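Participant: coords please:
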Amino acid sequence: AIVDSSDFPVDETGRSPTGQLFDILIELHRSGVSIRDARLVISQVEKAGLMEQLGGRARFTNDFLDPDAAENATHYARQLRRAAVQRQTRKLANQFATRAAGNEEPETLAAWMRVELDAIESRANESDHVSRIDAEGIALLADIDAAREAGTSPGLLTGIDHIDRTYGGLANGRLYVLGARPGVGKSSLSQQIGEHIAGQNHGTLFVSLEMTRRELAERYFARRTRLNNKLLGNHALNDFERTRLASAVEASRDVPFWIAEPFGRRATVEAICADTRVRCATSDVRLLIVDYCQILEPSNSQQGEYQVITAATRAFKQLSRELNIPVVLLSQLSRKGDDTKGSTRRPKLSDLRSSGSIEQDADCVIFLHDEGGGDIALIVAKMRGAERSEAMLRFDGPTCSFNAPEASDMDNYEPHFSEYGDPGF
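Facilitator: The predicted structure is shown next:
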């Protein structure tokens with residue numbers, strides 16, 4: 001709807017007769033009664049005691065029941081909404097000036113301002129959040145036909161074969177949580193996925209609260225050059241290796257992979273969401289990755305880790321829907337249940353640290369578990385609308401890369417069947 005009753009200006013008593021009239025018309029329409037029935041509308045207005053406040057029957061009939069006035073209804077509604085938003089903006093500006101003149105903490109004032117600005121933005125937006133089921137069906141058919149014609153997937157392909165084949169990649173409007181214990185590779189895998197998506201010319205924003213931009217760049221170029229990540233970090237390259245790196249750097253100029261290393265007030269969930277909105281508008285970012293939720297900065301001094309993470313998962317879920325992009329949020333796992341000798345059991349949803357909201361708000365939860373010998377289990381423990389699943393990956397430490405295991409690495413590998421993979425067979 002372009003307008004609602006709260007958009008109508010109020011009189012000196014704080015009431016809005018035109019707003020009340022609007023509500024009457026809406027209720028009549030919802031009950032299946034035609035609001036073109038002038039006698040019925042007049043009787044309802046008189047019953048509500050609004051006729052005199054609206055200028056009497058003659059003026060009411062001329063102003064509100066003239067068939068010619070309907071032609072300008074949409075334009076009038078938009079002007080009405082615009083005026084209401086302007087009033088709300090001016091009121092907010094005055095409130096901000098009053099509160100800023102006091103002794104309020106800057107971060108508290110900024111957090112309040114963000115909430116109020118979001119409310120104004122939502123009110124100014126004319127897009128409707130309600131549609132009939134047939135309209136959604138028509139849109140679904142159009143999307144399916146377009147995907148079939150282009151031979152593409154509706155999601156962003158990750159380069160991880162199991163995720164792409166089983167789930168069609170990362171879907172827009174969804175929150176994905178990637179959890180693992182320290183050192184298993186969640187940062188490496190999420191960055192590798194982001195790089196692959198950026199390589200398809202889809203803008204990716206990687207927000208790192210743990211690693212520096214230089215460390216992330218070293219991993220990026222280690223994967224591109226197949227050089228040892230440690231050699232890059234130690235600057236220990238020979239001439240040939242430096243040439244390979246220089247070529248990879250040149251090739252990266254057109255890759256829309258953005259690295260953010262926020263700290264302090266810029267590392268709150270509100271600041272990250274605000275920056276992502278700007279990047280989506282200016283750099284066409286199509287994927288957000290946040291590493292990781294347990295070290296997000298609190299929005300105010302009263303927030304503990306539980307409150308921070310609860311607010312974060314809900315905010316990132318809403319952000320994914322608002323911007324229609326996938327959001328990948330990394331999470332540490334609790335060590336509860338590990339034995340005293342240091343061995344770890346396979347993770348489960350209850351191992352997600354600090355808040356049950358992570359499991360609740362996530363559309364998908366993926367765990368990584370070290371099986372030993374370079375084998376990493378990728379466990380899809382939750383996938384909204386699809387089945388859970390599992391696959392095995394191989395981790396290459398020097399390049400911080402995950403790959404599908406070679407057939408010869410499988411437990412059930414039979415060498416005498418290898419000839420069937422020969423192209424000349």
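
Participant: burial count for Ile163?
Facilitator: Here the count is done by other CB atoms under 10 Å, and Ile163 has 23 residues near it. Every residue, glycine included, has its C-beta placed from N, CA and C.

Participant: that one is in what secondary structure piece?
Facilitator: Using DSSP states H and E, Ile163 maps to helix 161-167.

Participant: what's that helix packed up against?
Facilitator: strand 375-383, strand 389-396 (3 or more CB pairs under 8 Å, 6 or more residues apart in numbering; DSSP states H and E).

Participant: which positions within that helix qualify as buried?
Facilitator: When neighbours are counted by 16 or more other CB atoms under 10 Å, the buried residues of helix 161-167 are found to be 162-164, 167.

Participant: again, but for stretch 282-292
Facilitator: Residues of stretch 282-292 classed as buried by neighbour count (16+ other CB under 10 Å): 285-292.

Participant: save these as CSV, and put in pLDDT, secondary structure and distance to Gly264 too.
Facilitator: Formatted as CSV, the buried residues of stretch 282-292 follow (pLDDT from 0 to 100; DSSP: H, G, I helix; E, B strand; the rest coil; distance: CB to CB, whole Å):
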residue, pLDDT, secondary structure, distance to Gly264
Val285, 88, strand, 22
Arg286, 91, strand, 28
Leu287, 94, strand, 25
Leu288, 95, strand, 20
Ile289, 95, strand, 20
Val290, 94, strand, 16
Asp291, 87, strand, 17
Tyr292, 81, coil, 17
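
Participant: out of these, what pair is the most spread apart?
Facilitator: In those, two members sit farther apart than any others by CB to CB. They are Arg286 and Tyr292, at 20.9 Å.

Participant: can you tell me the SS state at the residue located most distally from the centre of the chain?
Facilitator: Distance from the C-alpha centroid of the chain peaks at Ala58, with 52.8 Å (CA atoms, centre = their mean). Under the three-state scheme (DSSP: H, G, I helix; E, B strand; the rest coil), Ala58 adopts helix.

Participant: on that earlier part again, contact partners of the helix holding Ile163?
Facilitator: The list of residues contacting helix 161-167 from outside it, by CB atoms under 8 Å, 6 or more residues apart in numbering, reads 153, 155, 157-158, 169-170, 364, 378, 380, 383, 386, 389, 391, 404.

Participant: for those, which one is nearest Gly185?
Facilitator: If you rank these by distance to Gly185 using CB to CB, Leu378 comes first, at 10.2 Å.

Participant: thought that closest one was touching Met392?
Facilitator: Yes - the pair Leu378 / Met392 is scored as a contact, 7.2 Å apart, by CB atoms under 8 Å.

Participant: please verify my assumption that Phe402 contacts Met392.
Facilitator: No - contact between Phe402 and Met392 fails when scored by CB under 8 Å: they sit 10.4 Å apart.

Participant: pick out whichever of the two has more residues nearby.
Facilitator: Regarding Phe402 and Met392, a neighbour count based on other CB under 10 Å identifies Phe402 as having more, with 19 against 15.

Participant: circling back to that earlier point, closest to Leu209 out of the buried residues of helix 161-167?
Facilitator: Leu209 has its nearest neighbour among the buried residues of helix 161-167 in Ile163, at 23.9 Å by CB to CB.

Participant: ranges for the helices of the stretch 201-350 of the chain?
Facilitator: Using DSSP state H, counting those that start in this stretch, the helices found in the stretch 201-350 of the chain span residues 213-225, 229-233, 239-251, 269-283, 305-323.

Participant: show me what the longest one is packed up against.
Facilitator: Taking 3+ CB pairs under 8 Å, 6+ apart as the contact definition, the neighbouring helices and strands of helix 305-323 are strand 175-180, helix 269-283, strand 285-291, strand 327-332, helix 357-361.

Participant: what's that helix in contact with?
Facilitator: 172-175, 177, 269-270, 273, 276-277, 280, 288, 290, 293-294, 296-299, 303, 326-327, 329, 354-355, 357-358, 360-363.

Participant: so where's this protein uncertain?
Facilitator: Low-confidence segments of the chain, defined by pLDDT under 70: 1-15, 22, 25-37, 62-81, 83, 122-130, 335-343, 353-355, 407-425.

Participant: tell me which residue lies nearest the centroid of the protein.
Facilitator: The central residue of the chain, meaning the one whose C-alpha is nearest the mean C-alpha position (CA atoms, centre = their mean), is Ser320 at 1.9 Å.

Participant: give the contact list for the nearest residue to that one once chain neighbours are set aside.
Facilitator: Here the nearest residue to Ser320 in space, its sequence neighbours aside, is Val327; by CB to CB, 6 or more residues apart in numbering that works out to 4.3 Å. Contacts were defined as CB under 8 Å, 6+ apart; by that measure Val327 touches 174-176, 287-290, 316-317, 319-320.

Participant: now Arg277
Facilitator: With contact set as CB under 8 Å, 6+ apart, Arg277 has these partners: 319, 323.

Participant: buried ones in stretch 148-157?
Facilitator: Going by neighbour count (16+ other CB under 10 Å), the buried part of stretch 148-157 is 155-157.

Participant: oh, I was asking about stretch 366-379
Facilitator: 366-370, 376-379.

Participant: dump those residues to TSV, plus distance to Gly194.
Facilitator: As requested, the buried residues of stretch 366-379 are exported to TSV (distance: CB to CB, whole Å):
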residue	distance to Gly194
Ile366	14
Phe367	19
Leu368	16
His369	22
Asp370	22
Ile376	18
Ala377	21
Leu378	16
Ile379	20
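
Participant: for these, which two are the farthest from each other?
Facilitator: Maximum pairwise distance among the buried residues of stretch 366-379 (CB to CB): 14.6 Å, between Ile366 and Asp370.

Participant: tell me, how many residues neighbour the nearest residue to Ala267 once chain neighbours are set aside?
Facilitator: In space, not counting the residues next to it along the chain, Ala267 is nearest to Glu297; the distance is 4.1 Å by CB to CB, 6+ apart. Glu297 is flanked by 19 other residues according to other CB under 10 Å.

Participant: what distance separates the start and the end of stretch 278-290?
Facilitator: Using CA to CA, to the nearest Å, one end of stretch 278-290 lies 16 Å from the other.

Participant: do the same with stretch 242-259
Facilitator: Taking CA to CA, the span from the opening residue of stretch 242-259 to its closing residue is 23 Å.

Participant: what about the closest residue to Leu352 other than its chain neighbours, how many residues nearby?
Facilitator: Closest residue to Leu352 in three dimensions, ignoring its sequence neighbours and counting by CB to CB, 6+ apart: Ile358, at 4.4 Å. The number of residues packed around Ile358, counting by other CB under 10 Å, is 23.
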